[in-house]
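**Q** Got a sequence here, can you build the structure:
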Amino acid sequence: MGMTIAEKILARKSGRSRVAPGDVVTVGVDTVILFDNNFLPTNWREIKHIADPSKIVVTFDHRVPAPTQQAAAAQVAGRAFVKQFGIQRFHDVGYNQGISHQLVADYGYALPGSVLLCSDSHTCSAGVFNCLARGVGGPDIIYAAIKGETWFRCGETVRYELTGVLPEAVTAKDAFLQIAGIYGDHATMNVEFGGSGVAGLSINARKTLTAMAAELSAEFATFEADAALVDWVSARNPAAFVPVLPDADAQYHAVRKVDLSILEPLVALPDSVVSNSQPVKVVAGTKIHQAYIGSCANGTQDDIELAAKIVKGRQVAAGVRFIVTPASQMVYRDTVASGAIGTLLAAGAMIAPPTCGACGGGHMGVLGPDEVCLTSTTRNFKGRMGDPSSQVYMASPATVAASALTGQITDPREFLSLH
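**A** As a prediction, this is how the structure comes out:
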C-alpha cells in the first residue's frame, strides 16, 4: 500500500519505512523560524543552547516597524538572541525584511522533502515547496530549536486534483474559497494538491492555496513537485534536495476534482471563511470603508501587479481607504521596478511597509466601529482586523482592487475586460 506526500516525508524524516494515518512519529526538523511575537516579554525565556544555528531563521514581521514599546522590546530581545547564537539568516527591519512565509519563498528556505516549523498558524504556506510545514505552539518551537526535532500525529490526506486554467480576473484565492465553501473544515487531515491544472498556476498562486489551508484547519498542505517548483527553489538555495511524489497507490480520505476553468469570483461573508462564501454577484453593491491587499497569502508580486492592472488610469472612490501591503521588501522592490506601485499610488492607494499589520489587527489599517472592509488577507472572524462591530469580507486581490474603485463590492471582470 502506497503513501501520500505527507506520509512519505514523515517516514523519511523519522527513519521509518512506512507511516500511516494514526501513527505518532518523532521527526528531525530542518528549519525553525522565530518571529517578533516569540520574543515578546510574555513569551520569551532565556535559552542556553540551540541544536544548530544554521537551521534557525529569525524575522520581524507582525508589527514592523514597531508600533508600540512592547513590540520594540521584543525586537531588541530578538536581536540579542541572533547575536548570542550567531544566527546568519536574520531579517531585521530594513532591506531583507518581510512576512516570514514570504521570506521562505523569496530566499528558498523550504526545500522539497524537508520539515519546517514556525509558531505562526499560516506556516503551512511553505508546503507549496513540496515540504511539510506547520505552525506549532510557542513552547514547541523553542523545543525544536533546542533539540532539532518535533513530533506529529499523521492524519489522513485529502487530495485536490486541479484541472483547467483560471479565467481572467479569477484567482487562486477564488479556488480556495470554492474549496472552503463546498467542503468546509479539514481538521486533523492533510491537504495535497496535484493534477494537470497545477502547471498553469504560478508559484505565488499555489502559495495562496497552501497558506489559506490554515483556514481549513488542515495539518499540512503540500503540492506535488514539478519543474517550475524545482527551478524556483534551485535558483534561491544551492542545497541539494529530493522532491517527493505520492505513490500511485496512495490511500486518500478523499480525492476531489476542482476545474479551475469554470470558477468565478467569490467572496467570503463576515465572521467565517469555512462554508461561508458566495459568488461576488450575491454581495455586489455592499458599501465598504476599506479595501486591503496584503498578507502571506496575497501580498505577492502577482497580486500587486494584478491590482495595478485593474486600477490603472482610474481613481479610488471617495471615502474608501485602499491599503496595499507588499509581503516583503523584495516584493516591494520588484513591484516598484515593474511600475505597479507607481500605478497604485497614482490611483490613490496607500502603500504600507511589509508587515502582517492589519491582517491580524496589529496596525497599518485597523478597523474602527461598524466599518466594513473587503480584504484579501487570511482571516475574517469577528474582531480579526479591529473593532468587534466591524465587518470583514474576504475576496481575491482582483475583487478588492475593483471594489476600491467603486466604493462597493464589485465583480473585477467589469474592469479587466476593458483592458
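**Q** Only C-alpha atoms from now on, for both contacts and neighbour counts.
**A** Will do.
**Q** does Arg134 belong to a helix or a strand, and which?
**A** Element membership for Arg134, per DSSP states H and E: strand 132-135.
**Q** in its sheet, what does that strand sit against?
**A** Strand pairing for strand 132-135, using DSSP bridges, gives strand 115-118 (parallel).
**Q** Give me the average confidence score over the strand it pairs with.
**A** Averaging the model's pLDDT scores along strand 115-118 yields 98.
**Q** One more: stretch 38-58?
**A** Mean predicted confidence for stretch 38-58 is 94.
**Q** For that stretch, which outside residues touch it?
**A** 30-35, 37, 70-71, 73-75, 77-78, 82, 85-91, 119, 138, 145-148 (CA atoms under 8 Å, 6 or more residues apart in numbering).
**Q** could you redo the last one with a cut-off of 7 Å?
**A** 30-35, 74-75, 77-78, 85-87, 89-91, 138, 145-148 (CA atoms under 7 Å, 6 or more residues apart in numbering).
**Q** From those, list just the buried residues.
**A** Neighbour-count burial (16 or more other CA atoms under 10 Å) applied to the contacts of stretch 38-58 gives 30-35, 74-75, 77-78, 85, 87, 89-91, 138, 145-146, 148.
**Q** So which of the residues you listed belong to strands?
**A** Among the buried ones among the contacts of stretch 38-58, the ones falling in strands (DSSP state E) are Thr31, Val32, Ile33, Leu34, Phe35, Arg89, Phe90, His91.
**Q** Grab the longest helix from this protein for me.
**A** helix 69-85 (DSSP state H).
**Q** In terms of secondary structure, what does the helix or strand Val158 falls within contact?
**A** Assigned by DSSP H and E, Val158 belongs to strand 157-163. Using 3 or more CA pairs under 7 Å, 6 or more residues apart in numbering; DSSP states H and E as the contact test, the elements touching strand 157-163 are strand 190-194, strand 254-259.
**Q** need the ones you listed in JSON lines with distance to Ser202, mean neighbour count and mean pLDDT, can you?
**A** Output for these, formatted as JSON lines (distance: least, CA to CA, whole Å; neighbours: other CA atoms under 10 Å; pLDDT from 0 to 100):
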{"stretch": "strand 190-194", "distance to Ser202": "13", "mean neighbour count": "25", "mean pLDDT": "98"}
{"stretch": "strand 254-259", "distance to Ser202": "17", "mean neighbour count": "14", "mean pLDDT": "98"}
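**Q** With respect to Val233, which of those strands lies nearest?
**A** Closest approach to Val233 among the helices and strands packed on strand 157-163 (CA to CA): strand 190-194, 18.1 Å.
**Q** Pick out the most distant pair among the ones in strands among the buried ones among the contacts of stretch 38-58.
**A** Longest span within those, CA to CA: Thr31 and His91, 14.8 Å.
**Q** Report the separation between the residue nearest to Leu103 when sequence neighbours are not counted and Tyr107.
**A** Excluding the flanking residues, the one nearest Leu103 by CA to CA, 6 or more residues apart in numbering is Ser328, at 6.9 Å. The gap separating Ser328 from Tyr107 is 11 Å, by CA to CA, to the nearest Å.
**Q** Show me the helices in the stretch 101-250 of the chain, by range?
**A** Assigned by DSSP state H, counting those that start in this stretch, the helices in the stretch 101-250 of the chain fall at 138-147, 172-183, 203-212, 227-236.
**Q** Mind putting those helices into CSV with mean pLDDT?
**A** Below are the helices of the stretch 101-250 of the chain laid out as CSV (pLDDT from 0 to 100):
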stretch, mean pLDDT
helix 138-147, 95
helix 172-183, 97
helix 203-212, 98
helix 227-236, 97
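**Q** Deepest-packed of these, please.
**A** Among the helices of the stretch 101-250 of the chain, helix 203-212 has the highest mean neighbour count (mean count of other CA atoms under 10 Å), at a mean of 25.
**Q** Break this protein down into its structural domains.
**A** 5-239+252-260, 272-416 (automatic domain parsing).
**Q** Would you mind putting the CA coordinates of stretch 396-415 into PDB?
**A** Taking C-alpha atoms only, stretch 396-415 is exported to PDB below (Å, rounded to 0.1, in the frame of the first residue of the first chain):
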ATOM      1  CA  SER A 396      -9.200  38.000  -4.200                       C
ATOM      2  CA  PRO A 397      -6.900  40.900  -4.800                       C
ATOM      3  CA  ALA A 398      -8.700  41.500  -8.200                       C
ATOM      4  CA  THR A 399     -12.100  41.800  -6.400                       C
ATOM      5  CA  VAL A 400     -10.600  44.100  -3.700                       C
ATOM      6  CA  ALA A 401      -9.000  46.400  -6.300                       C
ATOM      7  CA  ALA A 402     -12.200  46.700  -8.300                       C
ATOM      8  CA  SER A 403     -14.200  47.400  -5.200                       C
ATOM      9  CA  ALA A 404     -11.800  50.100  -4.100                       C
ATOM     10  CA  LEU A 405     -12.600  52.000  -7.400                       C
ATOM     11  CA  THR A 406     -16.400  51.800  -6.900                       C
ATOM     12  CA  GLY A 407     -16.700  52.000  -3.100                       C
ATOM     13  CA  GLN A 408     -18.700  48.800  -3.000                       C
ATOM     14  CA  ILE A 409     -18.100  45.100  -3.600                       C
ATOM     15  CA  THR A 410     -17.700  44.800  -7.300                       C
ATOM     16  CA  ASP A 411     -17.100  42.000  -9.900                       C
ATOM     17  CA  PRO A 412     -13.500  42.500 -11.100                       C
ATOM     18  CA  ARG A 413     -14.400  41.200 -14.500                       C
ATOM     19  CA  GLU A 414     -16.100  44.500 -15.200                       C
ATOM     20  CA  PHE A 415     -12.700  46.200 -15.200                       C
END
